[in-house]
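*Asks:* from the sequence below, what's the structure:
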Amino acid sequence: MFVVSRLRPGNGFLKAFSIGLLLNTAAHGIALAETINSALAAAYNNNPTLNAQRAATRAVDENIPIAKSGYRPTITANANIGLSRTKSNSSFSLLGGSETNLAPGGFGVVINQTLWDSYLTQNNVNAAQAAVSASQQALRNAEQNILFNAAAAYLDVLRDRAILSFQRKSLEFLNEQVRSEQTRFDVGEATRTDVAQARASRAAAQASASLAEANLKSSEAVYRQIIGRNPGKLSRVKGVDRRIPSTSGKGLAIAQREHPAIKSTEFLVDQAIFNVKSAESGLLPRVDLQASASRNFDQSANASVSTNQSVSATLTVPIYQGGAQSGRVRQNKETLGQRRIQVDESVDSVRAAVISAYSQYQGAKASFAANQEQLKAAKLALDGAVEERKVGQRTTLDVLDTQTQVINAQIALANSTREIKVAGYAILSAIGRLSAKQLGLSVKIYEPIEHKKAVEDKWFGLRTPSGN
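*Replies:* Next up, the predicted model:
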């Protein structure tokens, strides 16, 4: 908490400044409407980036029934109708030639069923299952990123509101100082230099307040983009310190086991392995069964009807395919190598993120403690400068400089407060534990497994499980 100076009643110079030091009480001491968890819940439900990732995951789920279609028969129906005319002339015919008119038609059904495809379908299904698992982990990672961005946006608005309030209170103080110096000049107790210094400081404060207002508008726009609504009154953030592992070593161990970015790339390795096997199956024999039934007719004068049924099994043995299938095998092997490298890359990235987050967290805590001491010292110095100015030991410029130091210390403390909270959420994100479920948000948890179960064994149907 900021420490408010003990100011004597009736001192207008200090009374105006004391209002500026009450910002922390206004920003942190009152129970306000929206908590950070309610903002995170809104982002979880409404963020378009996260909802788009959920839709992408549902689309990947459909690869499973597509792959399983290799186990199932295909049935096609066909029908045809036509008209033909044949005319012949012969010099040997006494009748001078003949003409034949035909109106053929027919319909039929063909059923194809794969009996053996050298495990092609099985490998395709396994690859699709691995791709779904990778997509689900990518969704978890996207959730973490959105929740972290939402927490940062919330804390940015709190900080920028605090800074703007500091700057406005500083401007009020300097307006009072200008009036005070002008009054003292009018009675011969101050010089034109004192008045000019006060006005110059006020102009600088006006510029700083305008910049702080612009920064706040920018932060509020980002808040609206990520969370889905404009920020109202925001409550104090307690942080997530109790959820953070005590050491970076423990955090790294958790991240290695749980981080969705690592798990997603591991599942992509599994998918690539099965893709190699699928490509290799294209070089091996397969057996297909075909059954057909048809009826053909002729509607001409010599009408006739015929019915045909057939069943046949076909063994196909690839001998040479122009090098295309061999190229696919090699291509998938290279992709497999790439996926294995990406696992190492994700492990290194997560490791760097964990160490960086812990470093920032410790640095922010140290900065916060130092800024608290700086603020206390700056306020004591301001009180002393004001008193010494009354007896002629300090100038107006000394007081203005000391007051600027107080404002700078307040802003630094607001920034370090924000950095501590953000670093805490960064640690949870880096170790893979920044999720709606683990934060205990009041939301209906989206479970991607439910959509997978709904579609993985569907044989037909155009509607999605949501009814689209």
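*Asks:* show me how far the host helix or strand of Lys453 is from its chain's centre.
*Replies:* Here Lys453, judged by DSSP states H and E, is contained in helix 448-455. In terms of C-alpha atoms, centre = their mean, to the nearest Å, the centre of helix 448-455 is found 21 Å from the chain centre.
*Asks:* quick check: buried residues in that helix?
*Replies:* Residues of helix 448-455 classed as buried: 448, 451-452, 455 (neighbour count, 16 or more other C-beta atoms under 10 Å). Yep, even glycine has a C-beta here, placed from its N, CA and C like the rest.
*Asks:* swap in stretch 278-291?
*Replies:* In stretch 278-291, counting by 16+ other C-beta under 10 Å, buried: 278-282, 286, 291.
*Asks:* what of stretch 342-350?
*Replies:* Residues of stretch 342-350 classed as buried: 342-343, 346-347, 349-350 (neighbour count, 16+ other C-beta under 10 Å).
*Asks:* can you give me the strands in the stretch 351-468 of the chain?
*Replies:* Under the criterion DSSP state E, counting those that start in this stretch, the stretch 351-468 of the chain carries no strands.
*Asks:* surely Leu171 and Ala204 touch.
*Replies:* No: contact status for Leu171 versus Ala204: not in contact, 9.7 Å apart, counting by C-beta atoms under 8 Å.
*Asks:* starting at the chain centroid, how far to stretch 359-369?
*Replies:* A distance of 27 Å separates the centroid of the chain from that of stretch 359-369, by C-alpha atoms, centre = their mean.
*Asks:* show the average pLDDT along that stretch.
*Replies:* For stretch 359-369, mean pLDDT rounds to 92.
*Asks:* flag every buried residue along it.
*Replies:* 360-361, 364-365, 367-368.
*Asks:* need those residues in JSON lines (columns: distance to Arg184).
*Replies:* Formatted as JSON lines, these follow (distance: C-beta to C-beta, whole Å):
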{"residue": "Gln360", "distance to Arg184": "48"}
{"residue": "Tyr361", "distance to Arg184": "49"}
{"residue": "Ala364", "distance to Arg184": "43"}
{"residue": "Lys365", "distance to Arg184": "45"}
{"residue": "Ser367", "distance to Arg184": "39"}
{"residue": "Phe368", "distance to Arg184": "39"}
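*Asks:* so where's this protein uncertain?
*Replies:* For the chain, the stretches flagged by pLDDT under 70 are 1-33, 89-98, 299-302, 389, 391-392, 395-396.
*Asks:* restricted to helices, list the buried residues of stretch 342-350.
*Replies:* Mapping these onto helices (DSSP state H) picks out 342-343, 346-347, 349-350.
*Asks:* next, the residue lying closest to Thr35 once chain neighbours are set aside: phi, psi?
*Replies:* Residue nearest to Thr35 in three dimensions, not counting chain neighbours: Ser235, with 5.0 Å by C-beta to C-beta, 6 or more residues apart in numbering. Phi and psi for Ser235, reported as degrees, to the nearest 10, are phi -90, psi 170.
*Asks:* so Ser235 sits against Asn37, correct?
*Replies:* No: using C-beta under 8 Å, Ser235 makes no contact with Asn37, being 9.7 Å away.
*Asks:* export the buried residues of helix 448-455 as JSON lines, with columns for distance to Leu375.
*Replies:* Below are the buried residues of helix 448-455 laid out as JSON lines (distance: C-beta to C-beta, whole Å):
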{"residue": "Pro448", "distance to Leu375": "48"}
{"residue": "His451", "distance to Leu375": "53"}
{"residue": "Lys452", "distance to Leu375": "54"}
{"residue": "Val455", "distance to Leu375": "59"}
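*Asks:* sounds good, over and out.
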